[in-house]
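Q: Fold the following.
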Amino acid sequence: MPSVIRAITLLALPVLLMAGPAAAQEAYPNKPVRIIVPFAPSGPADLIARVVAQKLSEDLGKQFYIESHAGAGGNTGTGLAARAPADGYTLLITSQALVINAGLYKTLPYDTFKDFVAVTRMATTPNVLVVNPSVPANTVGELVALMRKAPDKYNSYAQPGIGTPAHLSGELFKLSQKINLTSIPFGGGGPMVQSVVGGHTPIAFSSLAPATALIQSGKIRALAVTADRRDASLPDVPTMAEAGFPNQIGETPIGILVPAGTPQAIVDLLHRKVAQIVTMPDVKQKLAAIGFTPIGDTPAEFTAFLKAEEAKWAKVINEAGIKLP
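A: Numbering: from 1, shown residues only. Coordinates of the predicted model:
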């Protein structure tokens, strides 16, 4: 009898060993999960992170909580996430700054593609080229003609901060059209669009969130969005390509990443869950309220996007001679 029991045990052992890792993976998460947001609270990354964290907590049965670690344009919190254990219990939710900063800073406390694994680009928002209603231009082409005809009057544009996606959209436009434009930085999107409303800086590249209501009320005029398709909140506003100015795509995506080495099963689970979350009607409504459109792409697609964006904006930063103060 003992020999029979021993034989059964030996036969069952491989099955038990195979089941072990699977059982461990199914247990994730078995404790709270930290989500690092490398920006101040109440910004788009923070707002989207809180929506996603709540949904993940409800779905997976453990708390997903936010830690804000602002500083150095997002580098402080991102560096902290890069040094975290690769066990699935630290996530990073960040913006386009992740790849833009590679061209802005001489050194970074992280390497985007060595220290992180992309999970999904959750949502994105384009920039929008806007003018004060007094500017005699209803199209991008008419605005460029004004800039060339009256460079002393239309020789600058407002942007929300040096190195922001909106600033880089303005510099990409300037470089591609070979026009002399000076960027006027403001301390955020709110003060910038108010300057446009007042006519102090009558031209601006802005993210959608601070501009949409003012566009809809007629206080500023939108000429085009820097996206590959029109935005649902501004369906009558063409894309830059539709306006006759291709290769001007400039967006602010919010994505989720994990430290390199995180088990693939956890990456797959997070991708599947988050991609589902951003398509939920109530989540889409919350995203639309701050000017964002859901994406939920695959880890491979998000990685390819990040690599292309890093190269693209590094070139713009270099050619425009952008320097941090």
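
Q: Where does pLDDT dip in the stretch 51-200 of the chain?
A: Scanning the stretch 51-200 of the chain for pLDDT under 70 picks out nothing.

Q: what about the helices in it?
A: With DSSP state H, counting those that start in this stretch as the criterion, the stretch 51-200 of the chain has helices at 75-82, 97-104, 112-115, 140-149, 165-177, 189-197.

Q: and D297, which of those is closest to it?
A: In terms of CB to CB, the element of those nearest to D297 is helix 97-104, at 15.2 Å. For glycine as for every other residue, the C-beta is placed from the backbone atoms N, C-alpha and C.

Q: hey, C-alpha coordinates of the closest one in PDB?
A: Coordinates of each C-alpha in helix 97-104 appear next as PDB, following Å, rounded to 0.1, in the frame of the first residue of the first chain:
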ATOM      1  CA  ALA A  97       6.000  64.300 -19.700                       C
ATOM      2  CA  LEU A  98       7.400  60.700 -19.400                       C
ATOM      3  CA  VAL A  99       9.000  60.900 -22.900                       C
ATOM      4  CA  ILE A 100       9.200  64.700 -23.400                       C
ATOM      5  CA  ASN A 101      11.500  65.000 -20.400                       C
ATOM      6  CA  ALA A 102      14.100  62.900 -22.100                       C
ATOM      7  CA  GLY A 103      14.700  65.800 -24.500                       C
ATOM      8  CA  LEU A 104      14.400  68.500 -21.800                       C
END
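
Q: okay, the helices of the stretch 51-200 of the chain, which one's buried deepest?
A: helix 165-177 (a mean of 23; mean count of other CB atoms under 10 Å).

Q: what's the angle between that one and helix 140-149?
A: Interaxial angle, helix 165-177 versus helix 140-149 (axes from the mean of the first three to the mean of the last three CA atoms, to 10 degrees): 70 degrees.

Q: Quick one: list the elements packing against helix 165-177.
A: strand 116-131, strand 156-159, strand 182-185, strand 203-207, strand 251-259, helix 299-320 (3 or more CB pairs under 8 Å, 6 or more residues apart in numbering; DSSP states H and E).

Q: Quick one: residues in contact with the second one.
A: By that I understand strand 156-159. 166-167, 170, 181-186, 192-193, 195-196, 201, 203-206 (CB atoms under 8 Å, 6 or more residues apart in numbering).

Q: That one: how far from the chain's middle?
A: 22 Å (CA atoms, centre = their mean, to the nearest Å).

Q: Could you do the fifth one as well?
A: Going by CA atoms, centre = their mean, the spacing between the C-alpha centre of strand 251-259 and its chain's C-alpha centre is 5 Å.

Q: partners of it, with directions?
A: Using DSSP bridges, strand 251-259 pairs in its sheet with strand 90-94 (antiparallel), strand 116-131 (antiparallel).

Q: Thank you, goodbye.
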